[in-house]
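A.B. asks: only geometry, no sequence info:
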């Protein structure tokens, strides 16, 4: 388990793009409907798409093919239902497409619900996870929920209580030279 965490943490992002420009645009549109910008930043502002692309280039590389198939299926469903590409639909139509996927009720993908749930989880990880993995840009996610980050030296008095501290990202510990 510890080695899995270490390999995920140490995985360097690929310099080559994992998704095409169109796939990334489609993923951004999908992510923004899962966690839309309102009076607070949304998934795209928080860097969720960058987090997902980085994960697909590293520790989640085995999901890249599923992402590509799922994104194509989202676009096919949008075209069948509304006559246009998903990214260009209005928000209500995008939500209708995603509702079909979440319910697994679309002929475009046999595993639509599984794909939607995977993307939804990755979007939330990208918003609320440790920024060193490529998301939670500017600690947006943590600020939204009042999480102060990985503060060292918490006394027990702060456990299960809201604290009034600005969030900070964990610094990676210096590795000792052998």
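C.D. replies: Happy to help now that I have it. Note that the coordinates shown come from a computational prediction; the quantities given were computed from them, not determined experimentally. Numbering: from 1, shown residues only.
A.B. asks: Enumerate every residue touching residue 25.
C.D. replies: By C-beta atoms under 8 Å, 6 or more residues apart in numbering, the contact list for residue 25 reads residue 87. Yep, even glycine has a C-beta here, placed from its N, CA and C like the rest.
A.B. asks: swap that for residue 139, please
C.D. replies: Neighbours of residue 139 in contact, by C-beta under 8 Å, 6+ apart: 131, 149, 167-169.
A.B. asks: could you dump the residues you listed to JSON lines with neighbour count, distance to residue 65 and pLDDT?
C.D. replies: Below are the contacts of residue 139 laid out as JSON lines (neighbours: other C-beta atoms under 10 Å; distance: C-beta to C-beta, whole Å; pLDDT from 0 to 100):
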{"residue": "131", "neighbour count": "21", "distance to residue 65": "28", "pLDDT": "93"}
{"residue": "149", "neighbour count": "16", "distance to residue 65": "34", "pLDDT": "78"}
{"residue": "167", "neighbour count": "19", "distance to residue 65": "35", "pLDDT": "78"}
{"residue": "168", "neighbour count": "14", "distance to residue 65": "37", "pLDDT": "76"}
{"residue": "169", "neighbour count": "13", "distance to residue 65": "32", "pLDDT": "78"}
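A.B. asks: Count residues in the vicinity of residue 98, would you?
C.D. replies: Counted with other C-beta atoms under 10 Å, residues neighbouring residue 98 total 22.
A.B. asks: Spatially, which residue comes closest to it, not counting chain neighbours?
C.D. replies: Among residues not flanking residue 98 along the chain, residue 33 sits closest, at 5.8 Å (C-beta to C-beta, 6 or more residues apart in numbering).
A.B. asks: Locate the residue most central in space within the chain within the secondary structure: which element?
C.D. replies: Nearest to the mean C-alpha position of the chain, by C-alpha atoms, centre = their mean, lies residue 123 at 2.3 Å. Per DSSP states H and E, residue 123 falls inside helix 112-128.
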